[in-house]
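Asks: sequence first, then the predicted structure:
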Amino acid sequence: MATIHETVPTFDARTHRRAATYTDTEDPEYGRIIRVWDVEPIPPEEIAAALKQQVADAVQRHLDATVAPRNYSSAAAAVSYIGDPNPRWNAEGLAVRTWRSAVWTACFSALDDVLAGRRDPLTPEQMIAELPPLVWPA
């Protein structure tokens with residue numbers, strides 16, 4: 001039985017992927033079969049969904065990391081203190097909710113611009129750099 005030597009053509013993994021199909025060619029000189037995997041474009045909607053998810057995950061980590069120094073386990077936990085009898089925790093919860101809303105508004109506005117071709121794609125780090133800062137109450 002001949003061995004199979006597999007190859008995949010070079011491609012840009014941001015826009016293409018290895019397909020499930022391939023072409024086998026006999027190579028009698030070396031007693032093997034050369035299998036060349038096909039490459040296919042990634043559908044634009046899959047690229048868009050992956051970009052949105054990657055950026056959204058980074059933004060959520062940013063939200064949670066920003067409130068951690070104040071001993072909140074997450075931004076959602078901080079927001080849960082709205083209406084708390086402790087005035088400081090209530091004020092912090094309100095500030096985080098306002099900030100969280102501004103962050104997601106900015107994030108999805110930027111992503112919409114990217115997906116519409118009005119701006120270049122953003123890395124998660126670039127997105128984080130564009131987000132509004134959290135201003136804690138005095």
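Replies: Yep, it's here.
Asks: quick check: which element contains Thr25?
Replies: In this assignment (DSSP states H and E), Thr25 forms part of strand 16-27.
Asks: show me what whichever helix or strand comes after that strand is packed against.
Replies: As assigned by DSSP H and E, the chain's next helix or strand after strand 16-27 is strand 32-41. Identification of packing neighbours for strand 32-41 by 3 or more Cβ pairs under 8 Å, 6 or more residues apart in numbering; DSSP states H and E yields strand 3-7, strand 16-27. The way it works is simple: take the backbone N, C-alpha and C, and place the C-beta from them, glycine included.
Asks: so the first one versus strand 16-27, what angle?
Replies: What that stands for is strand 3-7. Strand 3-7 and strand 16-27 meet at an angle of 140 degrees, taking axes from the mean of the first three to the mean of the last three Cα atoms, to 10 degrees as the criterion.
Asks: and strand 3-7, how far out from the chain middle?
Replies: Centroid separation between strand 3-7 and its chain, computed with Cα atoms, centre = their mean, to the nearest Å, is 34 Å.
Asks: quick one: strands adjacent to it?
Replies: strand 32-41 (parallel) (DSSP bridges).
Asks: name the nearest residue to Met74, sequence neighbours excluded.
Replies: I think there's a mix-up here, since residue 74 is Ser and not Met. In space, not counting the residues next to it along the chain, Ser74 is nearest to Asp64; the distance is 4.6 Å by Cβ to Cβ, 6 or more residues apart in numbering.
Asks: how far away is that neighbour from Asp24?
Replies: Between Asp64 and Asp24 the distance, using Cβ to Cβ, to the nearest Å, works out to 50 Å.
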